[in-house]
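**Q** mind looking at a prediction? Sequence and model below.
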Amino acid sequence: MKEEIRLRPGSAEDFPAICDLLGTVFHEDYSGELKELEAGIFEADRSLVADDAGQVVGHTVAFTRDLTVPGAIVPAAHVSGVGVLPTHRRQRLLTRMMHRQLREIADAGREPLAVLWATETSIYPRFGYGPAASRLHLNIMNREVRLPAPPTEQSGRLRLVDPIADLADLTKVYEQLRPERVGWSNRDERWWNFVLADLKDHRDGATKRYAVVHEGPDGPTGYAVWRVKHGWTSHGPNGEVSVREVAAADPETYQALWRFLLGIDLARSVTFRLAALDEPLLHLVDEPRRLGPSLADALFIRLVDVPRALAARRYATAVDVVLDVTDPILTENTGRWRLTGGPDGASCARTDDPADLACSVTVLGSVYLGATSFAALAAAGRIRQLTGNDPTIAFGWHRQPTPTEVF
Ligand SMILES: CC(=O)SCCNC(=O)CCNC(=O)[C@H](O)C(C)(C)COP(=O)(O)OP(=O)(O)OC[C@H]1O[C@@H](n2cnc3c(N)ncnc32)[C@H](O)[C@@H]1OP(=O)(O)O
């Protein structure tokens with residue numbers, strides 16, 4: 001009789017087989033540079049493999065990182081590297097791996113949240129992950145948009161740097177901004193290397209990565225990272241600038257960086273895949289239409305420990321609401337929870353009081369970052385509002401999340 005496929009913790013010895021599996025499921029070559037890069041962030045003790053008689057046929061990993069949420073930085077399991085071999089699909093291996101991984105995260109007790117990027121939007125809501133942050137993909141006709149003229153008295157200047165050699169400047173800015181930027185993850189040296197990696201296979205004929213730092217009187221106030229793909233048509237130059245990341249501490253820096261990126265010579269388009277839904281550039285150029293925005297999903301959030309997660313973030317206004325939550329996987333989350341709090345903090349505890357609204361744990365994931373409203377989900381029939389006590393405003397936040405990296 002065939003043995004059941006068993007789930008077991010991964011180990012350093014499994015790493016080559018895991019890379020082979022990721023290469024097969026993501027249709028990418030996971031040998032060479034990419035394998036080395038993955039090795040730098042691999043957490044063997046948080047990887048989970050499906051083992052079919054000694055063959056790795058499924059995998060997932062949870063990276064140990066923190067995530068900025070409204071008003072706080074919270075430990076969040078960053079789930080990634082999910083795949084099942086084509087020969088083993090639709091046999092519930094993903095389902096088993098997701099259930100086990102969530103149970104392990106919950107039992108370890110470090111992280112009240114899990115977060116991921118999905119290859120297909122429909123995969124993860126069934127496991128309690130709600131789409132919590134969207135992004136804009138900008139495809140900018142750079143010659144068709146104008147920014148306001150720069151101020152005559154500029155306090156800063158731009159300096160071309162090497163993204164790796166001058167990492168200290170980028171890190172300084174990133175760390176200064178991170179507490180306020182919902183959707184940002186902490187980056188130690190390993191993660192900076194991962195994010196800024198410049199694999200030849202990923203360049204698609206473009207240049208290496210460049211970076212520019214905006215230097216103010218007291219040090220760096222922002223940076224941008226990009227590359228350019230050379231292009232030429234019968235009309236002349238047709239280069240494409242591909243922006244990886246822009247971070248700016250103030251409006252002058254933001255304008256200076258975008259003026260620079262949109263003005264790169266010999267380029268006729270600028271793409272930026274990780275713009276926020278309320279990206280300030282939309283309010284800066286004279287022709288926002290020419291930014292060519294299209295909507296895409298970004299972060300999915302899973303509340304692993306509902307009361308701890310709800311108490312960890314802050315709320316835009318005072319809130320006192322009883323939520324009736326359903327969680328078929330981590331059943332300890334199921335039941336009624338009273339959330340009280342506001343802009344200075346919150347607490348959440350079990351209650352027998354009647355509920356103001358009833359929803360799934362997936363819905364709580366969707367509203368957690370303040371980007372999706374309870375009211376919109378109620379209008380879609382995803383929430384049952386049972387009383388007039390509607391927490392939509394309290395759960396909102398003044399800025400949309402700004403996802404900065406796909407992990
Ligand atoms: C965070 C990340 O790493 S995202 C990366 C996800 N990985 C990929 O996209 C790589 C390519 N795909 C795969 O490796 C696999 O198809 C997986 C991992 C997505 C699914 O693995 P499986 O073991 O086949 O999933 P499983 O059998 O547990 O299916 C569970 C349910 O999800 C559904 N489902 C599975 N894959 C998909 C998909 N790609 N799109 C939509 N629904 C899906 C199944 O239909 C099933 O639904 P049901 O419970 O109603 O019957």
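**A** On my side now, so go ahead.
**Q** may I have the lengthiest strand in the chain as CSV, with CA atoms only?
**A** Counting residues, the longest strand found in the chain (DSSP state E) is strand 55-69. Extracted as CSV, the C-alpha positions of strand 55-69 are listed here (Å, rounded to 0.1, in the frame of the first residue of the first chain):
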residue,chain,number,x,y,z
GLN,A,55,11.1,13.2,-2.5
VAL,A,56,10.3,16.9,-1.6
VAL,A,57,6.9,17.4,-3.4
GLY,A,58,5.6,20.4,-1.5
HIS,A,59,7.0,23.4,0.4
THR,A,60,6.3,26.5,2.4
VAL,A,61,8.3,28.7,4.7
ALA,A,62,7.6,31.5,7.2
PHE,A,63,10.2,34.2,7.4
THR,A,64,10.7,35.8,10.8
ARG,A,65,10.1,39.5,10.2
ASP,A,66,8.1,42.5,11.4
LEU,A,67,5.4,44.4,9.6
THR,A,68,4.3,48.0,10.0
VAL,A,69,0.5,48.2,10.6
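**Q** just checking, residue 366 touches residue 132?
**A** Yes. The criterion here is Cβ atoms under 8 Å, and residue 366 meets it with residue 132 at 5.5 Å. (Glycine included, C-beta is placed from N, CA and C.)
**Q** quick one: the strands in the stretch 151-300 of the chain?
**A** 157-161, 210-216, 219-229, 232-233, 236-237, 239-248, 267-275, 294-297, 299-303 (DSSP state E, counting those that start in this stretch).
**Q** buried deepest among those strands, which one?
**A** strand 299-303 (a mean of 28; mean count of other Cβ atoms under 10 Å).
**Q** touching both of residue 366 and residue 132, which residues are there?
**A** Here residue 366 and residue 132 share the contacting residues 301, 372, scored by Cβ atoms under 8 Å, 6 or more residues apart in numbering.
**Q** which residues touch the closest residue to residue 96 other than its chain neighbours?
**A** Leaving aside its sequence neighbours, residue 96 sits nearest to residue 7 (Cβ to Cβ, 6 or more residues apart in numbering; 6.0 Å). Contact analysis of residue 7 by Cβ under 8 Å, 6+ apart lists 48, 49, 50, 51, 58, 96, 97, 100.
**Q** now name the helix or strand holding the residue lying closest to the fifth one once chain neighbours are set aside.
**A** If you skip the residues right next to it in sequence, residue 58 has residue 50 as its closest partner in space, 3.1 Å away by Cβ to Cβ, 6+ apart. Taking DSSP states H and E as the definition, one finds residue 50 inside strand 47-52.
**Q** separation between the residue of the stretch 201-350 of the chain at minimum distance from the ligand and residue 180?
**A** Residue of the stretch 201-350 of the chain nearest the ligand, by Cβ to the nearest ligand atom: residue 300 (8.1 Å). Per Cβ to Cβ, to the nearest Å, residue 300 is found 22 Å from residue 180.
**Q** quick one: is the strand or helix carrying the residue nearest to residue 96 near the ligand?
**A** Using DSSP H and E, residue 7 sits within strand 6-9. No. On the criterion Cβ under 6 Å from any ligand atom, strand 6-9 is out of touch with the ligand, staying 11.6 Å away.
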